[in-house]
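> Curious how this folds, go ahead:
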Amino acid sequence: MSFVGKKFPDLNVDTMNEMGDTFKVNVLEEAVNNKKKVVLFWYPKDFTFVCPTELHAFQEAVAEFEKRNTVVIGASCDTPEVHFAWLNTAKDNGGIEGVTYPLLADSNRNLSSILGILDITNETYNEETGTVQVEGDNVTYRATYIIDEDGVVQHESINNMPLGRNVNEYIRIVDALTHNQKHGEVCPANWEEGKDAMQANAKGTAEYLASH
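Model prediction:
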């Protein structure tokens, strides 16, 4: 199920920050109450390999997102305590020391289940024990959501485990969304801030194609 064009789920999730504080974060409320865009990115596991490169890449871009009235939130199915341990592990030891944005700890998998981003290849019900057996790691893929100031999902994407993200692409998408909000124009392929956009009609498309 895609959430594009729909409100992000209204759910409180345990969260950890670099100070060791545990608190609840509701991503929908973060957007709506603060009138900010939110970039929420999920990664499979703490203390793994591709994941710290992504968390540091998002950290390096935090100031650029802030310029665009956008907050960054990371998320996985690890517990707050594991997040805090990773936050206190040096970068040269594979840690994420220096990351300042909050990390959702969806250890009960309530939010990731609603989003449908868990690595579950098969579920079978055991009638004898009355339990559900899961095949797969039951951790999240590399899913990314961009949520606007009204709490509506404007972008979602899901990468498989080995495929790290390009953080600059999310900056570009935020720019495109902001341009559309301000000017009503739509942004063509490979659009970047400062380039021509176009009117959302046949004439606008024809004029854009003719000039490019």
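
> which one in this structure is furthest away from the centre?
Largest separation from the mean C-alpha position in the chain: Glu128, at 39.3 Å (Cα atoms, centre = their mean).

> my read is that one is in a helix, agree?
No: counting by DSSP: H, G, I helix; E, B strand; the rest coil, Glu128 is not part of a helix but coil.

> Quickly note the distance from it to Val134.
Distance of Glu128 to Val134, given as Cβ to Cβ, to the nearest Å: 17 Å. The C-beta positions use only the backbone N, C-alpha and C, and glycine is treated the same way.

> now do Gly74
24 Å.

> which of the two has more neighbours?
Gly74 (23 against 14; other Cβ atoms under 10 Å).

> okay, now the closest residue to Gln59 other than its chain neighbours: neighbour count?
Leaving aside its sequence neighbours, Gln59 sits nearest to Val99 (Cβ to Cβ, 6 or more residues apart in numbering; 4.9 Å). By the criterion of other Cβ under 10 Å, Val99 has 22 neighbours.

> Make sure Val99 is indeed in a strand.
No: judged by three-state DSSP, Val99 forms no part of a strand; its state is coil.

> quick check: mean pLDDT across stretch 36-47?
For stretch 36-47, mean pLDDT is 98.

> can you give me the end-to-end distance of it?
One end of stretch 36-47 sits 30 Å from the other (Cα to Cα, to the nearest Å).

> And for stretch 196-207?
First-to-last residue span, stretch 196-207, Cα to Cα: 11 Å.

> what's that stretch in contact with?
179-180, 183-188, 191, 208, 211-212 (Cβ atoms under 8 Å, 6 or more residues apart in numbering).

> mind redoing it with 7 Å?
179, 183, 185-188, 191, 208 (Cβ atoms under 7 Å, 6 or more residues apart in numbering).

> What residues does the nearest residue to Tyr145 once chain neighbours are set aside make contact with?
The shortest distance from Tyr145 to any non-neighbouring residue, by Cβ to Cβ, 6+ apart, is to Leu40 (4.5 Å). Residues near Leu40 by Cβ under 7 Å, 6+ apart: 27, 73, 75, 145, 147.

> tell me the SS of Leu40?
Leu40 is classified as strand under three-state DSSP.

> if I pick the closest residue to Ser76 other than its chain neighbours, what's in contact with it?
If you skip the residues right next to it in sequence, Ser76 has Tyr43 as its closest partner in space, 5.3 Å away by Cβ to Cβ, 6+ apart. Taking Cβ under 7 Å, 6+ apart, we find Tyr43 in contact with 51, 54, 74, 76, 142.

> Distance of the residue nearest to Tyr145 relative to Gly116?
For Leu40, the distance to Gly116 - Cβ to Cβ - is 15 Å.

> same thing with Arg165?
Counting by Cβ to Cβ, the gap from Arg165 to Gly116 is 19 Å.

> In terms of neighbours, single out the busier of those two.
Set Arg165 next to Gly116 and count neighbours by other Cβ under 10 Å: Arg165 wins out with 19 against 13.

> Appreciated, that's everything.
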